[in-house]
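*Asks:* A structural model of the following input is requested.
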Amino acid sequence: MNLEIDIRHQAGMLALDACFTIERPGITALFGPSGSGKTTLINAIAGLIRPDDGTITINGTAVFDRKNSIHLPPRQRRVGYVFQDARLFPHLTVRKNLYFAHRRSPNPLPNGEIDAIIAMLGIGGLLSRRPIKLSGGEKQRVSLGRALLGKPDILLLDEPLSALDQARKDEILPYLEALRDQRRLPILYVSHAIDEVARLADNMVVMENGTVRASGSVFDILARTDLAPLTGQFDTGAVIPATVTGHDTAGGITFLDCAGHQLIVPLLGPATPIAPAPATATRLRQTRLHIRARDVMIATTIPDGISANNIVPVTIRNLQPLDHAGMDVALHLGHLATDTANTQKHAPVIHARITGYSASRLNLQPGQQVYAVIKSVTVDGKLRDTDA
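*Replies:* Sure, this is the predicted structure:
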């Protein structure tokens, strides 16, 4: 399943010029400041607006092609759309809202699939209620279910958490994680909240003033310092995958392996289950970490007598001056030899933000082997069971 976008469109003062491809299932975050063209773009994908020029292809089928006069109406595009405000039919029960899209699908889901979606979203106990009796988080879960029961080829989520308070966001985020892990379809997720993106997304498209500034793996995009003005200077850092190796319940900590290096985080809870694994598969418990540059210090020798639990060997990749006499230091995990280019290419990178004075005082240089003292590690999302 894939999505190919190459369109131009003038919407008021916004000149949209977007070109990118989503080649696999999972969540792709469409990220950028307000007015960057995110909603205009997904409205074009859904068929709610007709672009001035270009093409849109979903799963190998052209749903828009200006030169060949193709512009399929929304109903024929097999697109599921979840808006910011849920948009449930107020006069219908949850059950009837869910089945609204199901009845109109040209290839309806079997009953077993419907039951699995309802169970995944935890809305089985809401079926007899009307929308007025639902919380904001419950409404969004029902809206997700209604979109999925239409059996779409792609799911579009337009800032589905922006209208919710933090408690309701925390309620629905695990269901979005389950949707990402259990349903095999591409999801385009519009957001301007970097924490949501770091927790949920597999890939990321960064937009500014109607154009695509960058696209690729969320792990690579969030580590790029040149995008910090768009992705958030304060939260610039790295998102990296990790595997659970053990727990110390008495000490309240969990041990993680990250590219062969141990990290310690507060005790993690139970994993979000996926479909049963084959009998021969090994089940791994995985999560992802968000290590912010502001939470990383650099030491030239292993420090002693400090409270930080995470002190890992690193190799300086490069140093980049920032505004206000600051310095961004990119660090490969591990002490790497300068001639092992292939090893360096695949070693995860974290970032430290220090003063230029500190960089000069420590005489930091590319290729230098030092130590990263990580003051805080954010675990983005719950554990996931995956098959090795």
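
*Asks:* Helices of the chain, residue ranges please.
*Replies:* Secondary structure of the chain (DSSP state H): helices at 38-46, 94-104, 111-121, 136-149, 166-182, 194-200, 218-221, 228-231, 341-346, 356-361.

*Asks:* Outline the domain layout of this protein.
*Replies:* Domain assignment for the chain by automatic domain parsing gives 3-221, 239-387.

*Asks:* Off-centre distance for the longest one?
*Replies:* The reference is to domain 3-221. Computed by CA atoms, centre = their mean, to the nearest Å, the chain-centroid distance of domain 3-221 equals 13 Å.

*Asks:* Show the end-to-end separation of it, please.
*Replies:* 20 Å (CA to CA, to the nearest Å).

*Asks:* quick check: mean pLDDT across it?
*Replies:* Here domain 3-221 scores 89 as its mean pLDDT.

*Asks:* still on that earlier bit, single out the most deeply packed of the domains of the chain.
*Replies:* Highest mean neighbour count among the domains of the chain (mean count of other CB atoms under 10 Å): domain 3-221, with a mean of 18. C-beta coordinates here come from the backbone N, C-alpha and C atoms, glycine included.

*Asks:* what's the spacing between Arg154 and Val79?
*Replies:* Just to correct that, residue 154 is Ile rather than Arg. 6 Å (CB to CB, to the nearest Å).

*Asks:* Need the overlap of contacts for the two.
*Replies:* Ile45, Ile58 (CB atoms under 8 Å, 6 or more residues apart in numbering).

*Asks:* Dump the domains of the chain into JSON lines; add distance to Leu230 as well.
*Replies:* Formatted as JSON lines, these follow (distance: least, CB to CB, whole Å):
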{"stretch": "domain 3-221", "distance to Leu230": "6"}
{"stretch": "domain 239-387", "distance to Leu230": "15"}
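
*Asks:* of all these, which lies closest to Leu227?
*Replies:* Nearest of the domains of the chain to Leu227, taken as CB to CB: domain 3-221 at 5.9 Å.

*Asks:* Now do the same contact list for the closest residue to Leu322 other than its chain neighbours.
*Replies:* In space, Leu322 comes closest to Asp328 once its chain neighbours are excluded; the distance is 5.6 Å by CB to CB, 6 or more residues apart in numbering. The contact partners of Asp328, by CB under 8 Å, 6+ apart, come to Thr225, Thr236, Ala293, Leu319, Gln320, Leu322, His351, Ala352, Arg353.

*Asks:* dump the residue contacts of the closest residue to Ile56 other than its chain neighbours.
*Replies:* Leaving aside its sequence neighbours, Ile56 sits nearest to Phe64 (CB to CB, 6+ apart; 4.1 Å). Each residue near Phe64 by CB under 8 Å, 6+ apart is listed here: Ile7, Ala44, Gly47, Arg50, Pro51, Gly54, Thr55, Ile56, Ile70, His71, Leu72.

*Asks:* correct me, but the first one touches Phe20?
*Replies:* Read it as Ile7. No - look at Ile7 against Phe20 with CB atoms under 8 Å: they stay out of range, at 10.4 Å.

*Asks:* partners of Val296 in the sheet?
*Replies:* Residues in a beta bridge with Val296, per DSSP bridges, are Ile374.

*Asks:* residues contacting it?
*Replies:* The contact partners of Val296, taken as CB under 8 Å, 6+ apart, are Gly237, Leu331, Ile350, His351, Ala352, Arg353, Ala372, Val373, Ile374, Lys375.

*Asks:* measure it to Leu268 for me?
*Replies:* 21 Å.

*Asks:* same question, Thr61
*Replies:* From Thr61 across to Leu268, the span is 42 Å (CB to CB).

*Asks:* can you check Asn209 too?
*Replies:* Asn209 is 40 Å from Leu268, where distance means CB to CB.

*Asks:* re earlier: so which of the helices of the chain comes closest to Thr300?
*Replies:* Of the helices of the chain, the one closest to Thr300 (CB to CB) turns out to be helix 356-361, at 10.1 Å.

*Asks:* if I read this right, Val218 contacts Arg199, doesn't it?
*Replies:* No - the criterion here is CB under 8 Å, and Val218 misses it with Arg199 at 9.7 Å.

*Asks:* Contact partners for Asn310?
*Replies:* Leu263, Ile264, Ala372, Val373, Ile374, Val377.

*Asks:* Give me the pLDDT for the closest residue to it other than its chain neighbours.
*Replies:* Closest residue to Asn310 apart from its sequence neighbours, by CB to CB, 6+ apart: Ile374 at 4.0 Å. At Ile374, the model reports a pLDDT of 93.

*Asks:* Wait, Ile374 touches Leu263, no?
*Replies:* Yes - with contacts counted by CB under 8 Å, Ile374 reaches Leu263, the gap being 7.4 Å.

*Asks:* Mind listing the shared neighbours of those two?
*Replies:* Asn310, Val312.

*Asks:* about what we covered before: what is the nearest of the contacts of Val296 to Thr39?
*Replies:* Gly237 (27.5 Å).

*Asks:* Isn't that closest one up against Ala293?
*Replies:* Yes - with contact defined as CB under 8 Å, Gly237 counts as touching Ala293 (4.6 Å).

*Asks:* joint contacts of these two?
*Replies:* Each of Ile350, His351 lies in contact with both Gly237 and Ala293 under the rule CB under 8 Å, 6+ apart.
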